[in-house]
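Student: what shape does this take:
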Amino acid sequence: MKKGLLLLIGLLIVVCAHATVLPGTLYGSVPGNPYVNGTAMQGYELIANRSCKDMSCVQQNIRLIDSQIADLIARRLAFVKRGAALKNSAIVPNNVQQNPNIITQVTRQAQAQGYPPEIAQSVFQELDRQSQAFEDKYENQTPQPSPNSLGVPTHNVNNPVITPTITPGLGVTPTVTPGAPGQP
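Tutor: Numbers count the residues shown, from 1 in each chain. Next up, the predicted model:
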């Protein structure tokens, strides 16, 4: 109890002294807020060094982060799947290109956050490759919407409207409503 209280007091002192929030300390968010007095990696190292005194703590935190990464991949793939559906509809031309600068962007972000850019490049190249394969598979399985007499896609019950609600500390809660007539 005393150790936890001291850690909390120390954290409050750091936060107040530097007018910042250390990464991931408010809601266990990913990504966390940047560490003002250094790179994000330095902020995360500070948290890890102060909070973990044994391997079980390290492993527990890595499992938590891995779980958050898995959730982020699911969120990303949901949008990849939606992109495939839109490419198959009359709404979006099928020649929509992915952002070609993603590797450049993550390289810069890795450098700014203080970790080797080769890791970001490798991870995002594989993520992009796997996402493209997922999209291709889904795109081939998605039927074209049936146009009405005017050539406009009609109501598609397999295409509900999903509105995400972001709640700090609780994550994202989707609200699903059926697609309205005239919506793809």
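
Student: so for V92, what's the pLDDT?
Tutor: Among the per-residue scores, V92 holds a pLDDT of 60.

Student: where does D136 fall, phi/psi-wise?
Tutor: Main-chain dihedrals, D136, degrees, to the nearest 10: phi -60, psi -40.

Student: same for the top helix by length along the chain, what does it pack against?
Tutor: If you go by DSSP state H, the chain has its longest helix at helix 55-88. With contacts defined as 3 or more C-beta pairs under 8 Å, 6 or more residues apart in numbering; DSSP states H and E, helix 55-88 has these neighbours: helix 40-51, helix 117-141. Where you see a C-beta, it was placed from the backbone N, CA and C, and this is true even at glycine.

Student: quick check: next helix or strand after it?
Tutor: helix 102-113 (DSSP states H and E).

Student: so what touches that following helix?
Tutor: Applying C-beta atoms under 8 Å, 6 or more residues apart in numbering, the contact partners of helix 102-113 are 34, 39-41, 99, 116-117, 119-121, 123-125, 128.

Student: ok so, going back, what's the angle between the longest helix of the chain and helix 40-51?
Tutor: Following axes from the mean of the first three to the mean of the last three C-alpha atoms, to 10 degrees, one obtains 140 degrees for the angle between helix 55-88 and helix 40-51.

Student: list the buried ones in helix 55-88?
Tutor: Using 16 or more other C-beta atoms under 10 Å as the test for burial, helix 55-88 gives 61, 68, 77, 80-81, 83-88.
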